[in-house]
Each structure stands twice: as structure tokens, then as C-alpha cells.
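Q: sequence and predicted structure below; questions after.
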Amino acid sequence: MTIEHGQPVESVLLFPSGGLLVSAGGRYVKVWDVLKGGQLLVSLKNHHKTVTCLCLNSSGQRLLSGSLDRHVKIYSTTSYKVVHSFNYATSILSLALSPEDETIVVGMTNGVLNVKHRKPEEREKSQKKRQPAYRTYVKGRTYMPRQEDFCVSKPVKRVLRKYDKLLKTFQSSKALDAVLEPPIRLYTPEVTVAVMQELHRRGTLRSALAGRDEKQINLLLTFVARRVIEPRFTPVLVTVADMITDIYQPVVGQSAIVDRQFLRLQEAIGKEIDYQEELLEVLGMMDTLFATFTEKRAAYLEENKSNGLTETIETNMNN
């Protein structure tokens with residue numbers, strides 16, 4: 001096999017596998033594929049003067065080239081890019097590596113043989129970090145600021161709840177789902193009702209209630225039926241119940257679970273109406289009692305006033 005390098009060849013190097021050949025001549029280092037009949041793989045031009053010598057490391061992952069420009073270039077054999085470079089005093093004629101790649105030897109034109117050893121890797125001593133004393137943590141805890149002191153308060157970062165983030169991004173349906181989760185629905189129902197009220201204020205409550213499956217409708221109706229009798233929630237939940245009835249009226253009779261919850265809601269609202277009627281009756285009775293009491297008190301004051309005026313006239317006539 002004959003390979004044309006294009007320049008006077010100074011050095012030739014064969015890879016341990018026997019598949020690649022490296023030639024150096026002129027300013028060029030060229031890599032040839034021997035298995036493909038001497039096809040050129042890559043041509044490297046990283047030196048300013050003639051390349052005189054080549055060398056491989058023990059693993060075959062690094063290719064070294066020395067040149068008359070006083071430099072040794074180290075290439076990666078995977079990308080053939082320069083990963084490191086050495087600078088010497090005079091032009092380089094030859095170079096070699098020790099078997100374990102710990103030493104590089106370079107012969108130069110001035111007759112000097114330069115030997116460089118790799119520095120042993122120093123293991124970092126793991127020093128245990130000293131923990132501060134207890135008095136460091138309690139220092140200044142009992143300090144009371146004086147009148148002339150300027151106190152700087154640490155800003156407290158406000159963390160938004162999940163439903164607040166969803167409301168902020170106008171995701172009405174997901175915000176309603178977030179407040180219907182058991183921890184919020186059972187222990188802080190005021191939050192659930194407040195989100196419903198906010199959605200109603202924005203005009204998106206109907207769209208948030210629509211498009212729900214049987215399980216979600218059952219959950220909504222259960223919450224409304226349980227909390228509608230509480231006076232603080234009644235105005236909002238009556239509106240919610242009205243919207244749910246209006247939206248899901250066409251599907252009434254198709255699910256026994258949903259029908260049962262609608263009946264529970266009807267029963268709860270009926271009990272609330274009866275309770276309000278009883279309150280109105282009691283209020284009417286109290287109004288009657290207050291009116292009667294007011295009339296009797298006015299008559300009593302008028303009678304006392306008349307008696308007092310008569311006694312005053314009789315006293316003046318006797319005098």
C-alpha cells in the first residue's frame with residue numbers, strides 16, 4: 001500500500017489496533033484508515049513549522065506531536081482536537097512517553113534531553129468542619145433595641161397556595177378542584193366557599209362547575225348540601241346550588257348517585273326554608289310583644305305626667 005502524504009515525511013506511527021496510520025511531514029499531521037485502503041480521515045495543521053516526531057500514550061487515547069516550532073501538541077484521538085500543549089526552549093527532534101504515561105522525554109536541537117514528570121495527584125484531606133459553639137446561636141437573642149437604633153426587618157417571602165397560583169393564572173376549574181380536596185374541604189370549608197365566591201365575582205363559576213363527571217358532581221353536591229345550612233355560607237352556596245341544578249338538569253335520572261345527592265340537597269334546602277319560616281314567626285311574635293310593651297310604656301308615662309301636673313296645681317292653690 002502506498003499513501004501520498006504531500007510533504008516530506010518525518011515520522012510514521014501505527015495505532016496498536018493496526019487500523020489507523022499517522023504520518024507527519026511539513027506542518028501537517030494526517031490520520032489514514034488502513035482498513036479502507038489508506039483513506040484520509042483527518043488532516044491536522046496546528047504547528048507553525050515542520051512536525052518532526054509522533055507518539056501515542058499507553059491507552060491510545062492521546063496522540064502527541066513535536067515540531068521545530070518548539071511545541072508539543074497533545075490531541076484527543078476521538079475528536080482530534082488539541083487538549084494540551086507544552087512549550088520548550090528550542091526546536092524538538094524526538095519525543096517519547098514512559099509506559100505508564102508518568103514521564104515525557106523530549107530531545108531538542110541544542111543537544112538537551114528534557115524530562116518532565118507528572119505531579120502525583122494530591123488527595124484532598126477531608127477536614128471536618130468545625131461547628132460553631134452554642135453561644136454563637138444564642139448571641140444577641142435577648143438584645144433589646146435602643147431608641148436610637150435602626151431596626152431592619154428580614155423580608156418574609158410569601159408562599160402562595162396551590163389554589164392562589166391557579167387563580168392567578170386564571171385556571172378556574174383547576175382552582176375549584178384544588179379547594180375541593182379533603183384537607184381543605186373538610187377542615188377549612190371557608191376557603192372553599194371563598195374561592196367559589198371569587199369565581200362568581202369573576203364570572204367564571206359556571207364554566208368551572210360545568211364539564212364534570214359523576215364523581216365530581218357527587219362531591220360538589222355533598223359539600224353544598226352539608227354546608228348550605230350554615231348562615232355564613234348560605235348566600236354563596238345557594239347560588240352554587242342554583243348553577244349546578246341549571247347545568248346538570250338534563251342528566252337528572254341517569255345516575256342514581258347524583259339523583260340521591262340532588263334529593264339530599266333538596267331536603268337540606270327545605271329544612272333551611274322551614275327554619276327560616278320559624279325564625280320569621282318568632283320575629284313576628286317578638287315584634288308584637290315589643291309593640292305592646294311600647295304602647296303600655298307610653299300610656300304609663302302619659303298617666304304619670306298627668307298625675308304630676310294635677311298635684312302641682314293643687315299645691316300652688318293651697319299656697
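A: Great, that's in hand.
Q: show me where the chain dips below the pLDDT cut-off.
A: For the chain, the stretches flagged by pLDDT under 70 are 121-129, 304-319.
Q: all strands of it, in order?
A: Listed in chain order, the strands of the chain (DSSP state E) span residues 9-14, 20-25, 28-33, 39-44, 51-56, 62-67, 71-76, 82-87, 92-97, 103-108, 113-117.
Q: mind saving the C-alpha coords of the second one as PDB?
A: Once side chains and other backbone atoms are set aside, the C-alpha atoms of strand 20-25 remain, and they are given as PDB (Å, rounded to 0.1, in the frame of the first residue of the first chain):
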ATOM      1  CA  LEU A  20      -5.000   3.600  11.700                       C
ATOM      2  CA  LEU A  21      -1.800   5.100  10.500                       C
ATOM      3  CA  VAL A  22      -0.500   8.600  11.400                       C
ATOM      4  CA  SER A  23       2.100  10.400   9.200                       C
ATOM      5  CA  ALA A  24       3.900  13.700  10.000                       C
ATOM      6  CA  GLY A  25       5.500  15.900   7.400                       C
END
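Q: ranking the strands of the chain by burial, who's on top?
A: Among the strands of the chain, ranked by average contacts under mean count of other Cβ atoms under 10 Å, first place goes to strand 62-67 (a mean of 23). Using the backbone N, CA and C atoms, a C-beta is placed for each residue, glycine as well.
Q: which other helices and strands contact that strand?
A: If you count contacts as 3 or more Cβ pairs under 8 Å, 6 or more residues apart in numbering; DSSP states H and E, strand 62-67 packs onto strand 51-56, strand 71-76, strand 92-97.
Q: of all these, which one comes closest to Lys162?
A: Using Cβ to Cβ as the criterion, the shortest distance between Lys162 and those is 50.0 Å, found for strand 71-76.
Q: what residues does that closest one touch?
A: When contacts are defined by Cβ atoms under 8 Å, 6 or more residues apart in numbering, strand 71-76 is touched by residues 29, 44, 46-47, 61-67, 81-88, 92, 95, 104, 106.
Q: residues contacting Phe233?
A: The neighbours of Phe233, taking Cβ under 8 Å, 6+ apart as the test, are Pro189, Glu190, Val193, Arg227.
Q: what about the residue lying closest to Asn110 once chain neighbours are set aside, distance to Gly66?
A: With sequence-adjacent residues excluded and distances taken as Cβ to Cβ, 6 or more residues apart in numbering, Asn110 is closest to Thr90, at 4.7 Å. Using Cβ to Cβ, to the nearest Å, one gets 11 Å for the distance from Thr90 to Gly66.
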